[in-house]
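S.K.: next input, structure requested:
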Amino acid sequence: MWAATWASLVLIACWLPFTPAVAVRWLPAVSATVRRTRIAYLRRVVGGVTTITWAQVFAPKDVDLWTAPELWIWGVASAIAAAQLVGAWFTRRNPRFTDAYPEARHRRWSPVLWCANALCWTLHLVGYEWLLRGVQLDGLASELPVAAALGIHCVFYAFIHLGKGSHEVVGSLVMGWVYGGLFLAGGSLAPVVAAHVIAAVGAETLAMRTDDAKE
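M.R.: I've put the predicted structure just below:
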């Protein structure tokens, strides 16, 4: 359990600074918005593939983390996603949001670009949730009281968001408890991933349609 916990931290600590550095070196000379968007996409794809691979190595082999949960769990997941979309609606013009998610600053969004964005988010969040919730939190909860497991887990979750500003760190402490609690209550990653993808893609879609967010 502890090996998986520390392995996930090491992976994230290496992955966060490394991916943008590689992207900046390899990407051609393009506008700042396009460059930052490609870095975001590269980070999500590389991160998704890497975390899925690590999760398969460390995940318990005797537990189905993707089993269908009870219907009420899906209802809670839907409510969580809806609440985040409402919050995104009220913050969509905040420069801090479009600074954290530069892809929202594109002037034109084709259906192909929107689908690519959604697929990158989905790949990223499947691996992200599988490693952090399905491996790390599940391992912590098997050895520690639930509150202690969630507390440690939220520290890791907040660490991931350090590069996106203090508001993201504070928000991740809250959402770490919410998503973590949802996973522990339902015993399945499926509703957590679904809620997270809907919230992430939905929030960016709202920002894309905000004229003030365009460069």
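
S.K.: C-alpha only now, for contacts and for neighbours.
M.R.: Will do.

S.K.: wait, Ala55 touches Gln136, no?
M.R.: No: between Ala55 and Gln136 there is no contact under C-alpha atoms under 8 Å: 9.2 Å.

S.K.: of these two, which one has the most company?
M.R.: More crowded of Ala55 and Gln136, by other C-alpha atoms under 10 Å: Gln136, with 28 against 23.

S.K.: quick one: the more buried one from Ala82, how far?
M.R.: Here Gln136 is placed at a distance of 26 Å from Ala82 (C-alpha to C-alpha, to the nearest Å).

S.K.: do the same with Glu143
M.R.: Applying C-alpha to C-alpha, the value for Glu143 to Ala82 is 33 Å.

S.K.: out of those two, which sits in the more crowded spot?
M.R.: For Glu143 versus Ala82, the count of surrounding residues by other C-alpha under 10 Å is larger for Ala82: 16 against 12.

S.K.: find the nearest non-adjacent residue to that one, please.
M.R.: Ala199 (7.5 Å; C-alpha to C-alpha, 6 or more residues apart in numbering).

S.K.: who touches the one you found in this structure?
M.R.: The contact partners of Ala199, by C-alpha atoms under 8 Å, 6 or more residues apart in numbering, come to 81-82, 84-85.

S.K.: among these, which are in helices?
M.R.: Judged by DSSP state H, the subset of the contacts of Ala199 located in helices is 81-82, 84-85.

S.K.: got these as CSV, with distance to Ala68 columns?
M.R.: Shown next, in CSV, are those (distance: C-alpha to C-alpha, whole Å):
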residue, distance to Ala68
Ala81, 18
Ala82, 21
Gln84, 23
Leu85, 24
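
S.K.: next one: phi and psi at Leu140?
M.R.: Dihedral pair for Leu140: phi -60, psi -40, per degrees, to the nearest 10.

S.K.: pretty sure Leu131 is touching Thr53, no?
M.R.: No: here Leu131 lies out of contact with Thr53, judged by C-alpha under 8 Å, at a distance of 9.1 Å.
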